[in-house]
Each structure stands twice: as structure tokens, then as C-alpha cells.
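Engineer: Here is the input, now give the coordinates:
(2 chains)
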Amino acid sequence: MLAQFDLQVERGEALVITGPSGSGKSTLLNILAGTVEVDTGSIEFNPDDDLQTWHELSMAQRTQVRRSHIGYVHQFFNLIPTLTVAENVRLVLELNRRRLDAGEFADIAADLLQRCGISHRRDAFPEQLSGGEQQRTAVARALAHRPALILADEPTGNLDRRNAEQVADLLFEACRAFQTTLVVATHSEEVAARADRVLNLPGLQE
Amino acid sequence: MHYLIVLSLFRFLGRSKVSLGMAVLGVAIATGSIVSVHLISVRVGEQLDGLVPGPLHSYSHFLYPADDDMNVQKYAQLRRAWRSGEQPLLTDLTPVIDERVRIEEAWVRVIGVDLIGLRNADWLDDEVQPPDAGKKEVPQLGGDFTWNGVWVDKSLAGLTSQPINGLLNLPPGVLVTDISRAQSLLGWPAGRLSYLAAKFSTPSGQFTAMMDQLVPGFSAGLPDVFDPTLRDWRVVPLDEAHPGTGFGKSILFNVSALAILSLVVAWFLIYQVASSWLRRLAFLFDRLHTLGVPAQAGSFYYLFLLGVIGFIAALIGLALGAWGSQWLLGVRVDGAPAALDIWVVGKAFVCAVGVALVSGVSCWVRQYGGVTHIGFVLFWGAIGLLVVLGVAGTVFSQTGLMGGFLGIGAVAVLGVVSIAPGLRWIQRRLRWFGSDGVSGISLIGFREVFWFPRDLSIALAGLVLAIGTAIGIGLMVESFRYDFERFLDQRLAYNLNIEGSVQGSDTALRDSLAILDREPDVQFVSMYYEGVGRFRGAPFELRATSFTEFELSRYGVGSEFNLTRSILVNEQFARQHQLVVGSVIEIQSQTSEIVGVVKGFGDTQGRVLIDVAHPIMPANLPLASVGVVTASGSEVAAELQQALPSLSVTNAQALRQVALQTFDQTFVITSVLTTIAMVVAGVGLYVGVTSLRLNRRGSTTLLRSLGIKRLENLWIDLHRSLVMGLVSMVFALPVGILFGWMLCTIVNPRAFGWSITMFMSVPALIYPCLWGLLAAILAGVIRLGSAEEGAVGLSQEYAGVR
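Structural biologist: You can find the predicted model right below:
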């Protein structure tokens, strides 16, 4: 899987990875996030002109790079169930040790939630949200610390058409507005149509 | 097919080493504590049996004529009635003489029985015959048996005026002989007797006798359901006539009840393991069903697996218990521990395999049976019934010790079933509060406990029960100690206490008075005379002294009463005969008013205290001890000891210290059992936390993708553990305080006859909570195996669940 694979994604570029189930889309995202090791080859990541090579970094260093420069949107399990919408967003800011007071945290979170159209549910817990609201919250959280890279694994796979469009809008608009690199793994042709580039992974060969 | 399925199950166990280890460890420790307690109880029970003289041991009741004039005619009359078919439950009846008499300056309890009738009785086999025993002719029992012989315990081996036939294991100062010789020793006419010993055989009696084998001390917990009545006779049960045995059995009952706690906590532990295994095995059972294996076969294999766990745990528990009893006996009780017999081996297997199978059945029903209406009604009906029984047991003293423990059980069950709803209640309230100033990581840890009550409530229940019991027992022990210290301060108002040996103490003590009289520093001397009496057929200790102001202050009563008509009684006597201050009773045809009910910690039977001027004071009551108030205690003690070496002269402070040391040692077994329960609860909580952690794998993956570091993960675990510990404390505190109150005011009076004033000791409240908090923190932060790989024994159980 993913043998002889060479990929370069530019800052601000929106890349969509498509392919059949089992082709390695999610694995590729996990490799990019540094949560899965590659057997051979290397992954280089250059946020803020600070080149990082995954295999040269320890697990702790990779974790630090991930929390500072990468935002992640999953298909499921997107939100921490014991935190409210606002707290889920705030968590990422706290992890990045932003020296902000509670008011500033609240302002940033409010702004993001406003952008994502979820501010009216800021004090709700994930179990009280619809699928679309949960995913919009996840996008807000992924954007909170202004990461250099957003990885989204089937972000619209569990949503109806209207909500899927809203979430895709948010991701691609943010990518353009903040010059964030966006890598999305999806089966959706609508999402793929919005990308700057589409990478189609072939399925397993018989 | 069976072979392959069993093989696959054992492979499953092989892959679940940690959870298997936890389950076996928890159940084995609990079984071990039960085995230890049983083995110790058997040994203590044997010692208690020794408190009742052998010839009386096999009888269940003693019969006194209503007019207190016992003679051979009345015995013959009752015997004829019995032989003619009256009293079908009566299976044996024999006349007894049981009185005290002075022989060679020693007060000897003479027991006269029908030796010919008891010729082959078991107690005659209890002969102990040291080579130097008996200074006169000492023929061996057996071939040389003489129907009018004399047998004594070893403290009376030196008697020279009686032809001692042998030494027996008897209580100190007891002489056993034939009725005619007893009458001649007492100077009684030929037809006079003390009472009749009777044996009633009832189904309930046979049941309790069998249960006493299984749970030593069990009979002490039950109220007297069989209360035989005979016209013109007063019927006194054995335990009332010999309160020492009842007292000791009550201790055994309490300790056995405490040992069961570990098993209950172990149930909470193995239930969680069984539950997690079932989730993993459900997939296998479904596949087997698809292949044509009947659905119920799944439950059989599952229960078989848990039975194997119980079997292994029982074997380890037996070994642990045998070792534990040896260690505990070394700490507290003299003598070698009892050997493992069929009862204790059976008990270990029933407990360990039973707890494993019961937890398996509960999990299976919960998983596949769902919550049916009938199940719901049955469950809450059973809880309601237990609560009703518990309240009745607490309120009505007639329910005995068992009633008290039913009350404690009801409190425990209410505490346990309130945990999950309590967590949900807190969860709803938490939503009302903001989170400003609290970090997101801390919030995750804090809230997880309340968000997933199903995962943690069972584990928390074990810890709550363990902490609650530790608090309850701690409060009882601290309250008891507080009362006991005050009691000692009051009673040990003098500096020196002088006591004699069993034989010849009276003369030596009288000699000591002459020495004390010559001592200029001696300010005050109290003389204490001791004997026995009977009230309503039951014996009591009679203690006489001069009711001076000093003496009455020792008992905390005033002096405004008539010395010749007033008596003091201890709590045991008052409770036994349902008397209070102001009650007027008749002893030896003399009417007396009870002017005080005094504490009697350590008294194993009722005690009556009288002034030496009281008309029931026997003329020849022996001097038992002397209390001395002096400015130079050590010099006086040395002089007395030198002049009268047979006397034991004890400094009051030393006596106080010894008494407190004995008190503390008494509760060593209690502390060990409570600690065991806490350890098992800690292991249970670990299993619970592991389940929660694996249940939340989705969240963990998400947190990792957000860049949560190991230390931050540990921080979440630590917060979760702290909250678990705090929640346990919140639930355990009311449970523990209620336990303490019930032990002080319900169980102790019913078991031992004394009451304890409940004292809210802060250390007793705090220490168990801190230990519980520590157990929770350790359970929360320790990870066996790699957390990254989830190799914690239950690693795959929730895969795909969320």
C-alpha cells in the first residue's frame, strides 16, 4: 500500500484524496499527521519555514508539531463528549499554550463559532448536537489555532447534502482565507470538485 | 467440537492475562480472608467450648423450678411426664448440682452429675494428665473408672483433701464428681439438686448446629426462635447460663460478617471482568451459533470459563487463607491454626466458584436478557424487601445480631444502588455550571466519571463499600476506645490492684491488708469480694465492697441511697433481664432497687455490685482483690510482692496500658480484614478504570490527533482518579457513618450487652477516605502494558463498540 508514492502539497493548496475503500486514504492522512510510521521513505513538513522530517522526530516531538501546526477533522468521534462546543474549541487553544486570558479565549472561540454558524449552541454538549452541528464544531476546533495544515478524513461522509455543503464550504473557505493547506480524504465528488488538485489512490491490485 | 471451543476459550484467557490475573487475584484474596477467618474461628470456637464444663456441654437448656426449690422428686416427676410423651422435642434430661464451695481455702465450682449415665460421654476423653498431676492416688480413666470419682481442672491439681481421679480440660476452678459426692461436699441433704440439664432437638437447632460448622459463630447471630416453656419450670438457654460462650460466638459472627465483605467487593470486581469478557466473546458465540451450536451452549461455555477462574481462585485462596490464619493467630490468638477440613475446603470452593458463576449469570442476563419489566420489578422488589427487613432488624431488638447486620446490609445496598443515579444527578447539575478558569484537560478528566456511570458505578460500588466499612468500623473502634479509656480512668482510680491466685488467695489477700495497715503512705484501701449468684435461673457475678464516696465515684453514681436495699448492675445484667435504673428486683428473697447501670466492658456475663452491708452478702464471700490509694505505689508494691509472692500486685497505670494494648490487639483481625476489602476494591477499581479507558478509545484517538502528550494524558487520568476518589468519599461517608452508628448502638449491645457512645472521630472519618483516594489514584494512573497499544488485558473488548 502506498508504495512508490511521492507527494508534495504547497502552502494554501487544497488537495483531495479519493479512491476506493482500503486504498489507503486514511492511512495517508495518519502518515501525514505523524501518528502512523512509514516503513521506508520520509515525510517532510515545513510550517513557518521550519522544516520537520517526521522520522527524525521522537514521538513527543511529533505530538508537539501536530498540536501546533495541524488541525484534524474526523468522520466520527470528532468531539470530546464531555466538553461543550465552546470548550472543545478552547481545548486546542489551551494545548498550544496561547498566553490568553479567559476573555480572549472566549472571543476567539465566539468568532470561530460565529463563522461556522454554531455560536447559538456554544454551551451544548456533543450529544445534544446534530451531525452537521458536530462537524461544524470540529471544523471550528481544527481552525482555532490557525494551523498550517488541516487533515480531514471523510468530513462529510456522515452528513446529508446540505450539511455536507456547509462543512465543505467552511473547510475550503478557511483554506483560502488563512492560507492553510488542506488535505481531504473523501468519496464525495462534490467535495473533490472544489479542490485545487485531486489525488486518486488506486485500489488493491488483484 | 467441545474440545476446540474449550481450546479457543483457553487461548482467549491466554490473551487476557491482565484481566484474568486481576479476577483471580481479587477472588483469591477474598476467599483467602474467608478461609483465614474460618480457621481462626474454629480454634477460638474450641477455646470457647472449653468455657462450658464438659458434662454440661451437650445440653441446650437448663431447667429451674419456679419456686427455686430443686429436688429429686421434681426431677422424677418431670422425667415421668417426659417419658409419657409430653415434650416430644426434649431428647435428654439429667439432674445437675452446680454450686461453689470452699475446699482447702479455694473457691471451687462443684459440678455433680450422673456419672454412670454419662459413663461414655465425650468429655471424659478430654483428659489431660501431666506426670506430676494429683498428689494423691491418680488412677487413669478407662479401666479404673470410678463412678464416685473426682475430676478437676489443672488449677485444682494440688487439692489434697479429695481423691482426684484425673485432670480434665475444664474451666479454671471446676471440680466434676458424682451427685452424691457433690451433695456431701456441699453438705446438702441427699435429695437436693441445683437444676436439670435438658436437650431439646428442633429443626432450627439442627440447622444452626450445621451452620455453626460452616460459619463458626453463626448461631450467635440468630434470635432465639425456639423458646420452650414447661409449666412450673424456668427454662434458661445454654448461652444465657454460660454467657462467655455467647460472647465469644458473637465476636466470631462479627468477624465472619466482615470477611464476607471482601467477597462482596470481589463480586463487583469479577462482575466487571465477566462483563468485559462477554462483550468480547459475544462475537465468538454468535459465530458458533451461526455454525449450528445451540445458543444456550454459549452461556454454558461462558459460565465454564468463569467457573475455571473460581476454581483457580479457590485453590489460591485456600493457600492464602491457611497462611493468613497462621499469621493472624501469631498476632492475636494462642495456639496452632485449625487444619483445612472438608467444611473449609467446601466453603472456599462454594464462595469462589459461586461468586464467579453468579457474576457470570448476572452479566449474561444483563447482556442478552435486557431489562425486562419482570426483572426490573424483581430487582427493586428484592432491594425494597431487604430495606424493610433491615429497618425491622434495626428497630426490633428481638431480631438479634442477625437483625442488626440485616440493617447494615440494607444501608450497604442502598449506598451501592444510589451510585449510578447519583452520578447521573451530578452530571445534570454540572451542565448548569460554567467552566471558566478550568483547563479543558482537567474538565475531560473531571467529567468522564459522571458521563459514563455504567462503566464506573460497579467499580465505585466496591470502593464505596470498602471505605464505608472502614469508616464504620473506625468510628466504632474509636468510640469504643474513647469510652474504654474513660471507663479505665474511672475504675482505676487507685494506684495499686492486688489479686490472688485461684487457690488460697483469700488468706494471702487478708495478710496483705495487715501489711497495708502498717504503711503510713497508704491513704485508702478498698476490698472487693467476689462470688456467684442466680437471678431468674441465670448466674451472675456478685461483687461486694464498701460503697464509699470514692468507690461510688468509680462507677459514676451518687451516694444518696439506702445501702442495704440498693444495688448496681452492669449493662449485661440489665439487658439480659430487661431492667433499668429504678427497677426493683428480688434476689435471695431480698428486695433491692437498681440505683445504677454501669459499664462493664470485658464482662462476659451479668454482674451485681452490692455494699458489704447488703443482706444478700454471703457470710463467707471470699476476698478477690484489693485496691490501694497510696503516695508511694512502687515501694508498697515491692514490699507486698516480697512478703506475699503468691499475690499479683499491679500498678494501675500498667494495668491501664495492658488493657489498652489488649484492646488494640483485639481489633488487629478487624483492621486486616478491612484492609483486604480495600485492596480488593482497589483492584476492582483498576479493572473499572481500564474498562472506561478502553471504552473511550475513540476519544483517546481524537485526543492523540489533537496532539495530547503522555503527560497530559496522565493528567487527565489523575483528574479522573481524583474525582473517583472524591465521589467514593461522598458516597462512603454517609454509608460509613450509618455503619458506625449501627455498630455502636445496635450490634454491640446485641452482641456483647454493652453500649458505646458514638464519637465522631475525625481520623476515623479521614483515614479510610485518604486510603480510598490513594487506591483510586493508583487505579487511575497505573497502566499495565503499553497504553499506546492498549495492551491492558481488556484491550480489544470495546473495539467497534463506539
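
Engineer: Around chain B, pick out the residues from chain A.
Structural biologist: Taking CB under 8 Å from any CB of the partner chain as the test, the list of chain A residues beside chain B reads A:33, A:35, A:60, A:63-64, A:66-68, A:70, A:72, A:74, A:76-84, A:87-88, A:90-92, A:94-95, A:102, A:125. Using the backbone N, CA and C atoms, a C-beta is placed for each residue, glycine as well.

Engineer: go with 6 Å
Structural biologist: A:63, A:66-67, A:72, A:77, A:80, A:82-83, A:87, A:90-91, A:94-95, A:102 (CB under 6 Å from any CB of the partner chain).

Engineer: Out of the residues you listed, which sit inside helices?
Structural biologist: With helices identified by DSSP state H, the entries of these that belong to them are A:63, A:66-67, A:87, A:90-91, A:94-95, A:102.

Engineer: what's the closest of the residues you listed to residue B:764?
Structural biologist: Distance to residue B:764, by CB to CB, is smallest for residue A:87 among those, at 39.7 Å.

Engineer: residues in contact with the closest one?
Structural biologist: Contacts here follow CB atoms under 6 Å, 6 or more residues apart in numbering or on different chains; on that basis residue A:87 touches B:435, B:440.

Engineer: could you pull out the strands for the stretch 151-300 of chain B?
Structural biologist: Remark: strands of the stretch 151-300 of chain B, listed N- to C-terminal, are B:164-167, B:174-178, B:195-200, B:233-237; assignment by DSSP state E, counting those that start in this stretch.

Engineer: could you give the mean pLDDT of the third one?
Structural biologist: For strand B:195-200, the per-residue pLDDT values average out at 90.

Engineer: Name the residues that touch it?
Structural biologist: Strand B:195-200 is touched from outside by B:56, B:59-64, B:70, B:75, B:89-96, B:228, with contacts defined as CB under 6 Å, 6+ apart.

Engineer: Going through the residues you listed, which ones are buried?
Structural biologist: When the contacts of strand B:195-200 are checked for burial by 16 or more other CB atoms under 10 Å in any protein chain shown, the buried set is B:56, B:59-64, B:70, B:75, B:90, B:93-96, B:228.

Engineer: Residue 179 - how many residues pack around it?
Structural biologist: Defaulting to chain A. The number of residues packed around residue A:179, counting by other CB atoms under 10 Å in any protein chain shown, is 12.

Engineer: hmm, I had chain B in mind actually
Structural biologist: The number of residues packed near residue B:179 is 23, by other CB under 10 Å.

Engineer: Ok, residue B:439 next?
Structural biologist: Count around residue B:439 with other CB under 10 Å applied: 17.

Engineer: now do residue B:240
Structural biologist: The number of residues packed around residue B:240, counting by other CB under 10 Å, is 20.

Engineer: The residue in the stretch 701-802 of chain B that chain A sits nearest to: what secondary structure?
Structural biologist: Each residue of the stretch 701-802 of chain B has a distance to chain A, by CB to the nearest CB, and the smallest belongs to residue B:707, at 2.2 Å. Each residue gets one of three states, and residue B:707 gets coil by DSSP: H, G, I helix; E, B strand; the rest coil.

Engineer: Got phi/psi on it?
Structural biologist: Phi and psi for residue B:707, reported as degrees, to the nearest 10, are phi 100, psi 30.

Engineer: Distance check, it against residue B:447.
Structural biologist: Counting by CB to CB, to the nearest Å, the separation of residue B:707 from residue B:447 is 21 Å.

Engineer: what's the longest helix in the chain?
Structural biologist: All of this is about chain A. Criterion DSSP H: the longest helix present in chain A is helix A:161-178.

Engineer: not quite, I wanted chain B
Structural biologist: Using DSSP H, we find that the single longest helix of chain B is helix B:243-290.

Engineer: and chain B, which residues reach chain A?
Structural biologist: When proximity is defined by CB under 6 Å from any CB, chain B lies next to chain A at B:435-436, B:439-440, B:443-444, B:447-448, B:451, B:698, B:702, B:705, B:707, B:709.

Engineer: Can you lay out these as JSON lines showing pLDDT?
Structural biologist: Converted to JSON lines, the residues of chain B next to chain A look like this (pLDDT from 0 to 100):
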{"residue": "B:435", "pLDDT": "71"}
{"residue": "B:436", "pLDDT": "71"}
{"residue": "B:439", "pLDDT": "80"}
{"residue": "B:440", "pLDDT": "82"}
{"residue": "B:443", "pLDDT": "86"}
{"residue": "B:444", "pLDDT": "86"}
{"residue": "B:447", "pLDDT": "86"}
{"residue": "B:448", "pLDDT": "83"}
{"residue": "B:451", "pLDDT": "83"}
{"residue": "B:698", "pLDDT": "71"}
{"residue": "B:702", "pLDDT": "79"}
{"residue": "B:705", "pLDDT": "78"}
{"residue": "B:707", "pLDDT": "80"}
{"residue": "B:709", "pLDDT": "82"}
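
Engineer: Give me the helices and strands touching the longest helix of chain A, please.
Structural biologist: Taking 3 or more CB pairs under 6 Å, 6 or more residues apart in numbering or on different chains; DSSP states H and E as contact, the helices and strands that helix A:161-178 lies on are helix A:131-143.

Engineer: partners of the helix or strand just after the helix it packs on, with directions?
Structural biologist: Counting by DSSP states H and E, the next helix or strand C-terminal to helix A:131-143 is strand A:149-153. Each strand that pairs with strand A:149-153, with its direction, by DSSP bridges: strand A:70-73 (parallel), strand A:181-185 (parallel).

Engineer: Residues in contact with the last one: which ones?
Structural biologist: Identification of contacts with strand A:181-185 by CB under 6 Å, 6+ apart yields A:9, A:11, A:13-17, A:25, A:29, A:149-153, A:175.

Engineer: Show me which pair in those is furthest apart.
Structural biologist: The widest separation within these, taken as CB to CB, falls between A:11 and A:25 and amounts to 21.9 Å.

Engineer: other SSEs contacting the lowest-mean-pLDDT helix or strand in chain A?
Structural biologist: The helix or strand of chain A with the lowest confidence, counting by mean pLDDT, DSSP states H and E, is helix A:102-115 at a mean of 78. Counting contacts by 3+ CB pairs under 6 Å, 6+ apart, helix A:102-115 packs against helix A:85-95.

Engineer: Residue B:273 reaches residue B:23, doesn't it?
Structural biologist: Yes - the pair residue B:273 and residue B:23 qualifies as a contact (CB atoms under 6 Å) at a distance of 4.2 Å.

Engineer: if we can go back for a sec, looking at the contacts of strand B:195-200, which are in helices?
Structural biologist: B:56, B:75.

Engineer: Quickly find the element holding residue A:124.
Structural biologist: Secondary structure assigned from DSSP H and E places residue A:124 in neither a helix nor a strand.

Engineer: mind listing what it touches?
Structural biologist: Residues in contact with residue A:124 (CB under 6 Å, 6+ apart) are residue A:85.

Engineer: Quick one, grab the pLDDT at it.
Structural biologist: As predicted, residue A:124 sits at a pLDDT of 89.

Engineer: ditto for residue B:595
Structural biologist: Listed pLDDT for residue B:595 reads 90.

Engineer: that older thread, let me have the strands paired with strand A:149-153 in CSV, adding mean neighbour count as columns.
Structural biologist: Conversion of these to CSV gives the following (neighbours: other CB atoms under 10 Å in any protein chain shown):
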stretch, mean neighbour count
strand A:70-73, 26
strand A:181-185, 26
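
Engineer: from the ones in helices among the residues of chain A next to chain B, which would you call buried?
Structural biologist: Neighbour-count burial within these applies to A:63, A:66-67, A:87, A:90-91, A:94-95; the criterion is 16+ other CB under 10 Å.

Engineer: Of the residues you listed, which is the nearest to residue B:600?
Structural biologist: Distances from residue B:600 to those, taken by CB to CB, are shortest for residue A:87, at 62.6 Å.

Engineer: Could you measure from the most centrally placed residue in chain B over to residue B:771?
Structural biologist: Against the mean C-alpha coordinate of chain B, by CA atoms, centre = their mean, the closest residue is residue B:254 at 2.4 Å. Summarising the geometry, the distance separating residue B:254 from residue B:771, computed by CB to CB, is 22 Å.
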